[in-house]
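**Student:** Structure of the sequence below:
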Amino acid sequence: MAHFRKVDVRIWNDAKFNELSHLGKLIFFLLITHPSMTMLGAMRATQAGLAEELQVTPEAFREAFAEVLAKGMAKVDQKASCIWLPNFLKYQSAESPNVLRNWVKQVEFIPECSLKTLAVAGLNDYAEASGEAFRKAFREAFGKDFPKSVSSKQSAVSS
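**Tutor:** As a prediction, this is how the structure comes out:
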């Protein structure tokens with residue numbers, strides 16, 4: 001089965017994206033298309049490992065990645081080795097409630113940290129906005145007791 005991601009061509013009209021350096025843009029493309037990126041928009045990764053994948057120095061990577069973080073396009077928990085893309089689900093939506101149900105399996109690949117909570121909360125927000133079938137699928141997959149307000153109560157992780 002092919003593993004693919006959608007890349008919206010309107011990214012080239014996005015002011016935040018266009019303000020990034022060339023390496024910043026490449027890093028963002030790496031993140032949205034990385035094979036380890038879960039469908040919740042979070043992944044286990046280190047900056048040093050990603051720098052090596054791109055064959056750039058850790059210093060150059062840190063500098064360009066800081067641009068991505070400053071624009072709010074990504075959040076990082078360095079201690080947990082977790083990266084989350086807050087707008088990932090806006091462009092990588094589930095085609096059906098059954099697809100959303102299967103995403104619960106990907107949660108275990110995200111390190112335990114506040115970004116994991118934000119990723120699941122983002123999926124809950126997506127399900128809430130997508131209609132009753134998606135809300136039901138989320139509740140079935142993630143449990144009825146999942147706090148709906150976690151995204152508003154969760155403090156932002158500093159970059």
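**Student:** Low-confidence ranges, the chain, go.
**Tutor:** 1-3, 144-159 (pLDDT under 70).
**Student:** Now do the strands in it.
**Tutor:** With DSSP state E, the ranges of strands along the chain come out as 42-44, 75-77, 82-84.
**Student:** Compare these and give me the one nearest Ile110.
**Tutor:** Set against Ile110 and scored by Cβ to Cβ, these come closest in strand 42-44, at 4.6 Å. (Glycine included, C-beta is placed from N, CA and C.)
**Student:** which ones are touching the residue nearest the centre of the chain?
**Tutor:** Taking Cα atoms, centre = their mean as the criterion, Gly41 is the residue nearest the geometric centre of the chain, at 2.3 Å. Taking Cβ atoms under 8 Å, 6 or more residues apart in numbering, we find Gly41 in contact with Trp84, Leu85, Pro86, Asn87, Phe88, Leu89, Gln92, Ala119, Gly122.
**Student:** same thing but 6 Å
**Tutor:** Leu85, Phe88, Leu89, Ala119 (Cβ atoms under 6 Å, 6 or more residues apart in numbering).
**Student:** any chance of these in a markdown table, with neighbour count too?
**Tutor:** Listed next are the contacts of Gly41 as a markdown table, based on neighbours: other Cβ atoms under 10 Å:
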| residue | neighbour count |
| --- | --- |
| Leu85 | 24 |
| Phe88 | 24 |
| Leu89 | 21 |
| Ala119 | 28 |
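**Student:** Can you tell me how far the residue nearest to Lys71 when sequence neighbours are not counted is from Ala42?
**Tutor:** The spatial neighbour of Lys71 that comes closest, neighbours along the chain excluded (Cβ to Cβ, 6 or more residues apart in numbering), is Lys16 at 4.3 Å. With distances taken as Cβ to Cβ, to the nearest Å, Lys16 is found 19 Å from Ala42.
**Student:** More neighbours: which of the two?
**Tutor:** Taking neighbours as other Cβ atoms under 10 Å, Lys16 and Ala42 compare with Ala42 leading, 30 against 16.
**Student:** Bridge partners for that one, pull those for me.
**Tutor:** Beta-bridge partners recorded for Ala42 (DSSP bridges): Trp84.
**Student:** Could you double-check that the residue nearest to Lys71 lies in contact with Ala70?
**Tutor:** No. Lys16 lies out of contact with Ala70 (Cβ atoms under 6 Å); the separation is 9.4 Å.
**Student:** What is the longest helix anywhere in the chain packed up against?
**Tutor:** Assignment by DSSP state H gives helix 114-129 as the longest helix of the chain. Applying 3 or more Cβ pairs under 6 Å, 6 or more residues apart in numbering; DSSP states H and E, one finds that helix 114-129 contacts strand 82-84, helix 132-142, helix 150-153.
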